[in-house]
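**Student:** sequence and predicted structure, then a few things I'm wondering about:
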Amino acid sequence: MTTTTLAVLVPLLPFLGAVAGLLLGRTAPGFVRPLAVLPALAAAVLAAIVAVHQGGGRAIDASTRLTPTGSVPIDLALHLDGFAALVAVLVGTVATCVQLYSTGYLRDDPRYPSYAALVSLFTSAMLLVVYSGDLMVLLVGWEIMGICSYFLVGHYWETPEARAASLKAFLVTKLGDVPFLFGLFALAVDAGTFRITGILGAVANGGLDHPTPIALLLLAGVAGKSAQFPLHTWLPDAMAGPTPVSALIHAATMVAAGVYFVARLLPVFAASAAALTVLAVMAAVTMVGSALAALAQDDIKRVLAYSTIGQLGYMTGALAVGDRGAAVFHLLSHGAFKALLFLAAGVVIHAAGTNSLAAMSRMSGLPRRIPDAYWTMTIALLALAAIPPFAGFFSKEAVLVAAEHASFGETAGVPSGAGWTVLAAGLLTALLTAAYAARLWLLAFRGRGPAAPDHGKQPLVMNGVLWVLAVPSLAFGLAVTYLDDWFDGHALTPTVTTAVLGTGVALVGGLVTYGAWRHTTAMAARPPIGAVAAHPEDSPAVSEAEAIATHTPAYGDIASAPDPADPGRLLLGPLHRHAAAGFHLDAVYHALFVRPVLAGAELVRFLDREVVETYVRGAGAVPRLLGAGVRRAQTGNVQTYLSALLAGSVVLAIAAVIVAAVGA
């Protein structure tokens, strides 16, 4: 088979698996798991073969006219460059791991067939985005992912939290997709084509007449899809879905799509200094704000959700300083260790007896009970904190190096202010990232909360997947030196300055957090006079649906008051309350948008019911009264009619006589 044929099969196989899974889910349940795992595995293998064939050389393009439009044509096109080849391998690998993991994690879930089919469709849509060479075809995969996220986040639809989270994710991303769609149309009109190669050629020849408005419109969609400020608020709430779905969304699909889109069309954004400046500011605010919020969260999945937002900020920051190689490198590295973090968190949650919530401040004894999750999550957290030689160190340093070059004017077309903004925010975020990573590890694995009930060993497949993902989390950064051809041909190696600064601030963040934890633990060990110790056996583990619906911690309602041994409270001080609430951005949106819309809807309801309906009722009442009067006259009695006729004749005669007399 040719490389093009293999590339076509990569997104097609998960799509066929999704269709077959939906059709056979009820009639042949024995085929559900093979139909979930095998197409994703085959797609991952084929994506790896395509990457080897592509070899980081010249891009491979193939197309066929999809439909005549009368103006800008739409082509079914493939565009396979080094970035597409590597990102497709990431998507296929993570999707396979998620499908394998889900066979154990959701083995007793009655809706597993539809879940597995939607995960396959999700995977197919992301692969379509990765390989597509036409923006309208890319848009199809872009929107299918939005639909799939709605259903998967709302998998536990019995609970109001899951329903609200799925609706919020759908609406917020659609809010960004509206200007995104206008941006695509404007870009196609300026360039005369939806083909990515044609657009890049038009940019190179100065063929874009309105680069700034186009870039800003497109950034709105990117902010929504990749959860960047100010459209990031949907992602923490999306944790109401199953944990494997969180791993898929955060590591390889959905949120990665926006970053990948900008990387594909970076010359369009680089044509506008204003757009790069906006992107840099957006990245900086996202990085720092999300890191502060992560430091204040208690639920382990919400910590990881805010962590994803911040790491995506690093990627958009790299794009803002004109280095798409660093952005995609961090996307790949982050995809490996973030998938590992979420799936390891799923093991922690599974061990606690609930598939949804896990309050870190109430954990203890986990390293002994789940050693695989303990060791692999430690590896992933070290990668997240950018400690050498883990993968996150190399990819994060690539971003800082790119920002350093832009700061000193070494990157053509990039404002130095954008470089300094990304560099300063990146170093501060490195400090905060190490702090919340250390806090998560200390509270989850060295905590002194009430022990959770032991729910037995985890399925072997879940632990096996963790070790598979631990390999790239540890070694990918070292292997990237052999992949220069896939990253525009330039090396992504750290420099001494950024390596020392980045690692130094990370170590400071980790050590300070450890010191704060030791202090708060010592203080918490002194029980107040008259305190009664809680016993874990008094608070049994709750079911998954009950945990989501009642916000009950995974270990039952033990010590529901805030844990005094949380180092995040000491580090953030009075800022903790605001950071824990996401700096009240949801409340701001509620005041600025939701309340006015509700007030407008209430006004419309009042006008409709009290004004419009009054006129309608009045218009109907008059004919009704006339009809009632006429109906009373229509008795059907001939004698009554004759009597009325005679009476009327007499009245008319009398009236005539009176008129004649008056006239005389």
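**Tutor:** That came in fine, so what should we check first? Numbering: from 1, shown residues only.
**Student:** number of residues surrounding A644?
**Tutor:** For A644, the count of nearby residues is 12 (other CB atoms under 10 Å). C-betas here are computed from N, CA, C, even on glycine.
**Student:** which helix or strand contains the nearest residue to V45 once chain neighbours are set aside?
**Tutor:** Nearest non-adjacent residue to V45, counting by CB to CB, 6 or more residues apart in numbering: G92, 7.6 Å away. Under the criterion of DSSP states H and E, G92 resides in helix 82-105.
**Student:** do the same with D61
**Tutor:** Per DSSP H and E: strand 60-67 holds D61.
**Student:** give me the angle between that strand and helix 82-105.
**Tutor:** Interaxial angle, strand 60-67 versus helix 82-105 (axes from the mean of the first three to the mean of the last three CA atoms, to 10 degrees): 80 degrees.
**Student:** just how off-centre is the helix or strand just after strand 60-67 within its chain?
**Tutor:** The helix or strand immediately downstream of strand 60-67 is strand 74-80, counting by DSSP H and E. How far strand 74-80 lies from its chain's middle: 26 Å, per CA atoms, centre = their mean, to the nearest Å.
**Student:** what's the neighbour count on T495?
**Tutor:** By the measure other CB under 10 Å, the count of residues near T495 is 14.
**Student:** measure A85 to G57 for me?
**Tutor:** Remark: distance between A85 and G57 (CB to CB, to the nearest Å) = 10 Å.
**Student:** more crowded one of the two?
**Tutor:** More crowded of A85 and G57, by other CB under 10 Å: A85, with 26 against 11.
**Student:** circling back to that earlier point, which strands or helices does the helix holding G92 pack on?
**Tutor:** Judged by 3 or more CB pairs under 8 Å, 6 or more residues apart in numbering; DSSP states H and E, helix 82-105 is in contact with helix 3-24, helix 32-54, helix 112-131, helix 243-251, helix 255-264, helix 324-351, helix 460-479.
**Student:** lowest-confidence helix or strand of this protein?
**Tutor:** helix 544-550 (a mean of 43; mean pLDDT, DSSP states H and E).
**Student:** next SSE downstream of that one?
**Tutor:** On the C-terminal side of helix 544-550, the closest following helix or strand by DSSP H and E is helix 567-572.
**Student:** please save the CA atoms from the helix or strand following that next one in PDB.
**Tutor:** Going down the chain from helix 567-572, the next helix or strand is helix 576-580, by DSSP H and E. Output of helix 576-580 as PDB, limited to C-alpha atoms (Å, rounded to 0.1, in the frame of the first residue of the first chain):
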ATOM      1  CA  HIS A 576      -6.500  30.400  48.300                       C
ATOM      2  CA  ARG A 577     -10.300  31.000  48.500                       C
ATOM      3  CA  HIS A 578     -10.300  32.800  45.200                       C
ATOM      4  CA  ALA A 579      -8.000  30.400  43.400                       C
ATOM      5  CA  ALA A 580     -10.100  27.400  44.600                       C
END
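**Student:** for helix 576-580, buried residues please.
**Tutor:** Neighbour counts over helix 576-580 (16 or more other CB atoms under 10 Å) mark 576, 579-580 as buried.
**Student:** name the helices or strands packed onto that helix?
**Tutor:** Applying 3+ CB pairs under 8 Å, 6+ apart, we find helix 576-580 packed against helix 273-294, helix 567-572.
**Student:** Serialize those helices to a markdown table and add fields for mean pLDDT.
**Tutor:** Putting the helices and strands packed on helix 576-580 into a markdown table (pLDDT from 0 to 100) gives the following:
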| stretch | mean pLDDT |
| --- | --- |
| helix 273-294 | 96 |
| helix 567-572 | 91 |
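**Student:** just send those back as CSV, with mean neighbour count and distance to A661 too.
**Tutor:** Shown next, in CSV, are the helices and strands packed on helix 576-580 (neighbours: other CB atoms under 10 Å; distance: least, CB to CB, whole Å):
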stretch, mean neighbour count, distance to A661
helix 273-294, 23, 95
helix 567-572, 22, 104
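**Student:** those: which one's closest to V594?
**Tutor:** V594 lies closest, by CB to CB, to one member of the helices and strands packed on helix 576-580: helix 273-294, at 20.8 Å.
**Student:** still on that earlier bit, possible to save the helices and strands packed on helix 82-105 as CSV with mean neighbour count?
**Tutor:** Converted to CSV, the helices and strands packed on helix 82-105 look like this (neighbours: other CB atoms under 10 Å):
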stretch, mean neighbour count
helix 3-24, 20
helix 32-54, 21
helix 112-131, 26
helix 243-251, 29
helix 255-264, 26
helix 324-351, 28
helix 460-479, 20
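**Student:** follow-up on the earlier one: tell me the contacts of the residue nearest to V45?
**Tutor:** G92 makes contact with 10, 40-41, 43-48, 123, 127, according to CB atoms under 8 Å, 6 or more residues apart in numbering.
**Student:** can you check H210 too?
**Tutor:** Residues in contact with H210 (CB under 8 Å, 6+ apart) are 186, 190.
**Student:** separation between it and A186?
**Tutor:** Using CB to CB, H210 is found at 7 Å from A186.
**Student:** go ahead and confirm F15 touches M126.
**Tutor:** No - contact criterion CB atoms under 8 Å: F15 and M126 do not qualify, at 11.4 Å.
**Student:** mutual contacts of these two, please.
**Tutor:** With CB under 8 Å, 6+ apart, F15 and M126 have no common neighbours.
**Student:** quick one: the helices in the stretch 501-650 of the chain?
**Tutor:** Secondary structure of the stretch 501-650 of the chain by DSSP state H, counting those that start in this stretch: the helices cover 544-550, 567-572, 576-580, 585-589, 595-606, 613-633, 638-663.
**Student:** buried ones in the fourth one?
**Tutor:** If you call a residue buried by 16+ other CB under 10 Å, then helix 585-589 has these buried ones: D586.
**Student:** the longest helix belonging to the chain to helix 243-251, inter-axis angle?
**Tutor:** Across the chain, the longest stretch assigned as helix under DSSP state H is helix 160-191. Angle of helix 160-191 versus helix 243-251, following the same axes, to 10 degrees, is 30 degrees.
**Student:** who are the packing partners of helix 160-191?
**Tutor:** With contacts taken as 3+ CB pairs under 8 Å, 6+ apart, helix 160-191 sits against helix 135-153, helix 196-204, helix 211-225, helix 234-237, helix 544-550.
**Student:** could you dump those to a markdown table with distance to V98 and mean neighbour count?
**Tutor:** Shown next, in a markdown table, are the helices and strands packed on helix 160-191 (distance: least, CB to CB, whole Å; neighbours: other CB atoms under 10 Å):
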| stretch | distance to V98 | mean neighbour count |
| --- | --- | --- |
| helix 135-153 | 11 | 22 |
| helix 196-204 | 28 | 18 |
| helix 211-225 | 19 | 23 |
| helix 234-237 | 17 | 25 |
| helix 544-550 | 18 | 18 |
